[in-house]
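Colleague: have a look; sequence and predicted model below, questions after that.
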Amino acid sequence: MNPHLCPDLEVLFTELEAGEGPALDHAAECAACAAVLEEHRLMEQDLYRLADPLPPPTLVASVMARVSAEPVPRRREVWSGLAILLTSMLGGLGYLVMSDQALGRLGTGLASVLVQGRPFVEGVLSGAHALWSTAGLTVACSLAFLLLTSLYGLKRLVGTGPTPSEA
Ligand SMILES: [Zn+2]
């Protein structure tokens with residue numbers, strides 16, 4: 001490709017997704033194309049931020065898979081488990097606060113994760129076990145807190161009742 005001839009934007013973005021290509025090589029040395037790519041990157045970043053403040057539902061499972069795939073020192077394992085537990089709890093709580101109707105969907109999603117995601121369950125169990133041996137009291141408090149918030153959420157769900165679309 002002629003280095004002085006800018007490639008078609010469609011080609012450039014296709015190669016951007018693929019991660020390599022002559023158009024991408026050109027953009028590395030061309031100020032105009034680099035500016036286009038930077039603008040595209042910023043716009044994509046804004047879109048992701050707008051789309052959903054929550055992490056994707058597969059995040060915990062994928063993190064768990066990575067954690068269990070890598071042999072890590074026990075201490076780090078505990079912190080990873082704690083971070084994941086806290087993230088899940090905060091994410092779930094935030095979701096509940098944002099929408100009562102979400103509770104039903106959350107339950108269904110959680111159930112499907114538990115049924116399909118055996119590595120996830122095993123990861124949580126091993127994480128919980130590691131936590132229990134080092135920070136039993138903290139875990140007990142967290143679990144009690146989680147139980148209370150779940151009960152509160154259920155009570156609110158019963159109070160509002162299912163919407164016609166959910167019924
Ligand atoms: Zn160019």
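Modeller: Now that the structure is in, tell me what you want to look at. Numbers count the residues shown, from 1 in each chain.
Colleague: mind listing the helices for the protein?
Modeller: In the chain, the segments counted as helices under DSSP state H are 9-18, 22-29, 31-51, 59-69, 74-98, 102-116, 118-160.
Colleague: so for the ion, which of those helices sits nearest?
Modeller: helix 31-51 (3.4 Å; Cβ to the ion). C-beta: built from backbone N, CA, C; applies to glycine.
Colleague: okay, the angle between that closest one and helix 9-18?
Modeller: Helix 31-51 runs at 60 degrees relative to helix 9-18, counting by axes from the mean of the first three to the mean of the last three Cα atoms, to 10 degrees.
Colleague: what's the angle from helix 31-51 to helix 22-29?
Modeller: Using the same axes, to 10 degrees, helix 31-51 lies at 100 degrees relative to helix 22-29.
Colleague: list the buried residues for helix 31-51?
Modeller: Cys33, Val36, Leu37 (16 or more other Cβ atoms under 10 Å).
Colleague: so the last one makes contact with Ala23?
Modeller: Going back to what we said before, that points to Leu37. No. Contact criterion Cβ atoms under 8 Å: Leu37 and Ala23 do not qualify, at 10.1 Å.
Colleague: anything in contact with each of these two?
Modeller: Listed as contacting both Leu37 and Ala23 by Cβ atoms under 8 Å, 6 or more residues apart in numbering are Leu12.
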